[in-house]
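**Q** task: produce atomic coordinates for the following.
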Amino acid sequence: MTKSYLLYKCGATSRTPLVVFSADNVDEAREAPTWLKRKHPDMPALHLEPGEFFEIIEKDFCEPEDWEAAKQAMAGATAGG
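**A** Next comes the predicted model:
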C-alpha cells in the first residue's frame, strides 16, 4: 500500500523538511534521497555536508500538527519566505 513520507535534512542544530513523497514500502522510501539527487541534481539541500543526515518519517507515525508544520515550512521556503 502506498504511504506518504516526509524527508528531513538533519544536522547538529537543524532539522529541515525538504519534501513530501509517496512510496510503496519502507525500503522504497529509503531510496528516495538517492532517487531525488539523481533526478534533481540542482537541489543543493539534497547534498549532505559532514555531520548531516536524512531522516524519513512515515505520515502514520507523525503527529498531524508536526506534519502540517513541516508542509507549511516547505511552502514558505518555496515561496521565498
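**Q** contacts and neighbour counts: CA atoms only from here.
**A** Fine.
**Q** now tell me what touches the helix ranked longest in the chain from outside.
**A** Secondary structure of the chain per DSSP state H: the longest helix is helix 64-78. Residues outside helix 64-78 that contact it (Cα atoms under 8 Å, 6 or more residues apart in numbering) are 6, 17-20, 59.
**Q** in that helix, what counts as buried?
**A** 67, 70-71, 73-74 (16 or more other Cα atoms under 10 Å).
**Q** as JSON lines, those with distance to residue 28 would be great.
**A** Output for the buried residues of helix 64-78, formatted as JSON lines (distance: Cα to Cα, whole Å):
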{"residue": "67", "distance to residue 28": "20"}
{"residue": "70", "distance to residue 28": "21"}
{"residue": "71", "distance to residue 28": "21"}
{"residue": "73", "distance to residue 28": "25"}
{"residue": "74", "distance to residue 28": "22"}
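**Q** between the residues you listed, which is nearest residue 45?
**A** residue 74 (12.0 Å; Cα to Cα).
**Q** pLDDT at that closest one, what is it?
**A** With respect to pLDDT, residue 74 scores 93.
**Q** from residue 19, how far out is it?
**A** 7 Å (Cα to Cα, to the nearest Å).
**Q** could you export stretch 44-64 as PDB, CA atoms only?
**A** What follows is stretch 44-64, C-alpha atoms only, in PDB (Å, rounded to 0.1, in the frame of the first residue of the first chain):
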ATOM      1  CA  PRO A  44      21.500  21.900  -3.000                       C
ATOM      2  CA  ALA A  45      19.600  20.700   0.000                       C
ATOM      3  CA  LEU A  46      19.900  17.100  -1.200                       C
ATOM      4  CA  HIS A  47      23.700  17.200  -0.800                       C
ATOM      5  CA  LEU A  48      24.900  16.400   2.700                       C
ATOM      6  CA  GLU A  49      27.800  18.100   4.500                       C
ATOM      7  CA  PRO A  50      29.900  16.200   7.100                       C
ATOM      8  CA  GLY A  51      27.700  15.500  10.100                       C
ATOM      9  CA  GLU A  52      24.400  15.900   8.300                       C
ATOM     10  CA  PHE A  53      21.900  13.000   7.500                       C
ATOM     11  CA  PHE A  54      18.500  12.400   6.100                       C
ATOM     12  CA  GLU A  55      15.500  11.400   8.200                       C
ATOM     13  CA  ILE A  56      12.400   9.800   6.700                       C
ATOM     14  CA  ILE A  57       9.100   9.900   8.600                       C
ATOM     15  CA  GLU A  58       6.000   8.000   7.600                       C
ATOM     16  CA  LYS A  59       2.900  10.000   7.900                       C
ATOM     17  CA  ASP A  60       1.200   7.400  10.000                       C
ATOM     18  CA  PHE A  61       3.900   7.800  12.700                       C
ATOM     19  CA  CYS A  62       3.900  11.600  12.600                       C
ATOM     20  CA  GLU A  63       1.700  13.900  14.800                       C
ATOM     21  CA  PRO A  64      -0.700  15.600  12.500                       C
END
